[in-house]
Each structure stands twice: as structure tokens, then as C-alpha cells.
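In: Predicted model and sequence below, questions to follow.
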Amino acid sequence: MTTVHEHGPRMNLWKLVPEVYKGMAAVEAAASKGLDPVIAELVKIRASQLNKCAFCLDMHFADARKLGISQLRLDLLEAWEEAHGLYTDKEQAALALTEAVTRLDGGTPQGHYVPDEVYERAAKNFEETELAHLISQIVSINAWNRFQVATRAVPASLKENKESGAE
């Protein structure tokens, strides 16, 4: 049964179509191979910010902290272009590509493409197979975001707060 709530989940999609979850998990695992875990988490967070996916933001901020990514780097990720010296050239190239792939507007009203300069910047910072993993990671997190936003998945931290009465 599908339930619609103003501030709650619409459905448990993964319970209804577990084969889709298994497929997504396989794509995620394959995309992550050969990619620096810190870059992977920064990409997941940045795409999730752009897609306004609270479920994924909650999960990936926690995962990033476990990896030792500083709170300052997490706090300023949304403004990474202005946070001079806080992100490496390679991280900046990954974040620029994340934004371009997530938005697919090409920077123009006629857009719907990844600008050459963004792709070339990434290609200079990542060897070809690693770049393929990066693109796969970006596509994967965008898909996860869309599933979670469409079904209004409740972030784990919010569930924990409700269960403990700490709202």
C-alpha cells in the first residue's frame, strides 16, 4: 500500500522491487572500485546537495566523517569554488564534473551537455579508467538521489530522533 504524508515516506520502494535495489547496489559497488573514497564521498554529497536529497546527505555526511573528512571541508562543500586551498585540484575537477553531470544544462539555455572545459579538466586530473569510475559514481548517486527524493525516504538521523523523542 502506498502512503502519502506531507513529511514522511511515500513507499518502501526497495521492499517492493528488491531486484532494483540489488542492481543499484551492484552499480554503486562497481563505480566505487578504483576511486579515492574521499573523492567519492565529496561527489556523493555535492550531487545530493544539488538534488536536495536529505536521505543521502544524512548518510554521506556521516560516511565522510568516518573517513576523516574535516567538518570545515564538509561545511564549505557547497561553496567549494570559493574555498581556496581547501580542496585539491583533483577534488575540484571531480566536483565541477559532478555539478555538470547532475545539472546537464551546459551553462546555456540550449544546454543539456557537459561542457568540454569541465570534462577536459577532469581528464587532466584522472587517468581514463579512474575517470570512467568517477562518471559512473556521479551517475549512480544521481539515481540514488532520485529514488530517495521520489519516495520521500526519511533520513536515518530523523528516524533516530523521532524514536528517542529528541526532536
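Out: Yep, it's here.
In: any residues touching the longest helix belonging to the chain, and which ones?
Out: In the chain, taking DSSP state H as the definition, the longest helix is helix 128-151. Helix 128-151 is contacted from outside by 9-13, 24, 27-28, 30-35, 39-40, 43-44, 47-48, 51-53, 55-56, 94, 97-98, 101-102, 122-123, 126, 153, using CB atoms under 8 Å, 6 or more residues apart in numbering. All C-beta atoms are positioned from the backbone trio N, CA, C, and that covers glycine.
In: Repeat the analysis, applying 6 Å as the threshold.
Out: Residues outside helix 128-151 that contact it (CB atoms under 6 Å, 6 or more residues apart in numbering) are 10-11, 13, 27-28, 31, 34-35, 40, 43-44, 47-48, 51, 53, 55-56, 94, 98, 101-102, 122, 126.
In: and the residues you listed, which are buried?
Out: Burial by neighbour count, judged by 16 or more other CB atoms under 10 Å, picks out 13, 27-28, 31, 35, 40, 43-44, 47-48, 51, 53, 55-56, 94, 98, 101-102, 122, 126 from those.
In: about what we covered before: so of the contacts of helix 128-151, which ones are in helices?
Out: Among those, the members falling in helices (DSSP H) are 13, 27-28, 31, 40, 43-44, 47-48, 51, 55-56, 94, 98, 101-102, 122.
In: show me the contacts for the residue most central in space within the chain.
Out: Closest to where the C-alpha atoms of the chain average out (CA atoms, centre = their mean) is Lys44, at 2.4 Å. For Lys44, the contacting residues are 60, 141, by CB under 6 Å, 6+ apart.
In: can you tell me how far it sits from Leu50?
Out: Distance from Lys44 to Leu50, counting by CB to CB, to the nearest Å: 11 Å.
In: where do the contact lists of those two overlap?
Out: Residues touching both Lys44 and Leu50 (CB under 6 Å, 6+ apart): none.
In: ok, Phe90 touching Asn125?
Out: Actually, residue 90 is Lys. It isn't Phe. Yes: here Lys90 reaches Asn125: they are 4.4 Å apart, a contact under CB atoms under 6 Å.
In: Kindly export the longest helix of the chain (C-alpha atoms) in PDB.
Out: Backbone C-alpha positions of helix 128-151 (Å, rounded to 0.1, in the frame of the first residue of the first chain) are rendered in PDB as follows:
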ATOM      1  CA  GLU A 128      40.900   7.200 -18.100                       C
ATOM      2  CA  THR A 129      39.700   4.200 -16.100                       C
ATOM      3  CA  GLU A 130      39.500   6.300 -12.900                       C
ATOM      4  CA  LEU A 131      37.600   9.000 -14.900                       C
ATOM      5  CA  ALA A 132      35.200   6.300 -16.000                       C
ATOM      6  CA  HIS A 133      34.700   5.300 -12.400                       C
ATOM      7  CA  LEU A 134      34.100   8.900 -11.400                       C
ATOM      8  CA  ILE A 135      31.500   9.400 -14.100                       C
ATOM      9  CA  SER A 136      29.800   6.100 -13.000                       C
ATOM     10  CA  GLN A 137      29.800   7.300  -9.400                       C
ATOM     11  CA  ILE A 138      28.200  10.600 -10.300                       C
ATOM     12  CA  VAL A 139      25.500   8.800 -12.400                       C
ATOM     13  CA  SER A 140      25.000   6.300  -9.500                       C
ATOM     14  CA  ILE A 141      24.500   8.900  -6.800                       C
ATOM     15  CA  ASN A 142      22.100  10.900  -9.000                       C
ATOM     16  CA  ALA A 143      20.000   7.800  -9.500                       C
ATOM     17  CA  TRP A 144      20.000   7.000  -5.700                       C
ATOM     18  CA  ASN A 145      19.000  10.700  -5.100                       C
ATOM     19  CA  ARG A 146      16.100  10.500  -7.400                       C
ATOM     20  CA  PHE A 147      14.800   7.200  -5.900                       C
ATOM     21  CA  GLN A 148      15.100   8.700  -2.400                       C
ATOM     22  CA  VAL A 149      13.500  12.000  -3.200                       C
ATOM     23  CA  ALA A 150      10.700  10.500  -5.300                       C
ATOM     24  CA  THR A 151       9.700   8.200  -2.400                       C
END
